[in-house]
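**Student:** Generate a structure from the sequence data that follows.
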Amino acid sequence: MKNSMEIKFKAIAENEAFARNVVASFILPLNPSLNELDDIKTAVSEAITNVVVHAYPQTVGYVTMKVATQNNIVAISIADNGIGIQDIERALTPFYTSKPNEERSGMGFTVMESFMDKLEVKNTGNGVIVKMSKAIEDKVVGL
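**Tutor:** As a prediction, the model looks like this:
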């Protein structure tokens, strides 16, 4: 990849906005449209929220976020060392939530998938990694 970065932070709700803004700042050299920027920020927000809500039910753990860019592609991975996802296929189903008593919509992965070009969710044996990517449309700058 042409450029990359990695950060690790606590999986707490206050850091969701931080992660979203870090990604937005990092990809600005690609000159994304406002819609592209919003799509990526929303997908990151959903991924971080999933970690905060689901990964560490009895404690506060960490999130590792990596972002890489090459040409016009943004690749993002968000990983935790939490409890994992029991059934990934089911978790990817719209409206499924493992916490129905907490008024969760079950749309996190659906939102990520709709705003990004690619989405991959895997148990790592020690948590979950979400990988997603999006192509930024080339823009012709002229008069």
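**Student:** what residue is smack in the middle of this structure?
**Tutor:** When C-alpha atoms, centre = their mean is applied to the chain, the residue found nearest the centroid is Val44 (3.3 Å).
**Student:** Moving C-terminal from the top helix by length along the chain, which element do we reach first?
**Tutor:** Longest helix in the chain by number of residues (criterion: DSSP state H): helix 34-50. Sequence order places strand 62-70 as the next helix or strand after helix 34-50, per DSSP states H and E.
**Student:** by how many degrees do the helix or strand just after that following strand and helix 34-50 diverge?
**Tutor:** Per DSSP H and E, the first helix or strand lying C-terminal to strand 62-70 is strand 73-80. Between strand 73-80 and helix 34-50, the angle formed by their directions is 10 degrees, by axes from the mean of the first three to the mean of the last three C-alpha atoms, to 10 degrees.
**Student:** Counting by contacts, list what strand 73-80 packs against.
**Tutor:** Strand 73-80 makes packing contacts with helix 14-27, helix 34-50, strand 62-70, strand 128-135 when contacts are defined by 3 or more C-beta pairs under 8 Å, 6 or more residues apart in numbering; DSSP states H and E. (Each C-beta comes from the backbone N, C-alpha and C, glycine too.)
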